[in-house]
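S.K.: structural data only, the sequence is not supplied:
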């Protein structure tokens, strides 16, 4: 993901926001805000044959505390016209390869229960449901639950330490 992708990335984000089931956000950030909040090494775009960005994935750190250095929260957004064509799976697979290679041991996400396509995508990619965070926040005047998903890296954090 590069600055020249900014307009299309933010357009896809706005379209996701408009569904009401993708995020608590109600407006997309500016590119400088978006750029400052995502880790630079784990940003991807999917481009169709015409060279048009049809989806994106990125991660944010969950905390600035050193104990959580290998834990990130991710987002995957696909343009409505490209859904159902494997774009989300390709992005998530590439993102997980990137985070594994960088030593990230946990990738997590919060998904609204109504977003059944996202839940299915994540479960197929090896995420597990940790639990339901009930009434986590208000969205358009309604309390919303969020399903917490996580995927532990199969290659990071598997070394054994003496007790």
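M.R.: Perfect, I can see it now. Predicted model, so just to flag it, every value in this text is computed and none were measured.
S.K.: where exactly do the strands run in the chain?
M.R.: For the chain, applying DSSP state E gives strands covering 43-47, 53-61, 71-78, 106-111, 128-139, 142-152.
S.K.: counting by contacts, list what the fifth one packs against.
M.R.: By that I understand strand 128-139. In terms of contacts (3 or more Cβ pairs under 8 Å, 6 or more residues apart in numbering; DSSP states H and E), strand 128-139 is packed against strand 106-111, strand 142-152. Yep, even glycine has a C-beta here, placed from its N, CA and C like the rest.
S.K.: so which of those is nearest residue 130?
M.R.: Closest approach to residue 130 among those (Cβ to Cβ): strand 142-152, 4.3 Å.
S.K.: may I see the buried residues of that closest one?
M.R.: 144, 146, 147, 148, 149, 150, 151 (16 or more other Cβ atoms under 10 Å).
S.K.: quick one: which of those residues is nearest to residue 115?
M.R.: residue 147 (8.7 Å).
S.K.: correct me, but that closest one touches residue 129?
M.R.: Yes. Residue 147 is within contact range of residue 129, at 5.9 Å (criterion: Cβ atoms under 8 Å).
S.K.: the nearest residue to residue 139 once chain neighbours are set aside: how many residues sit nearby?
M.R.: Distance criterion Cβ to Cβ, 6 or more residues apart in numbering; nearest residue to residue 139, sequence neighbours excluded, is residue 24 at 5.3 Å. By the criterion of other Cβ atoms under 10 Å, residue 24 has 14 neighbours.
S.K.: compute the distance between residue 24 and residue 47, please.
M.R.: Separation of residue 24 from residue 47 (Cβ to Cβ, to the nearest Å): 28 Å.
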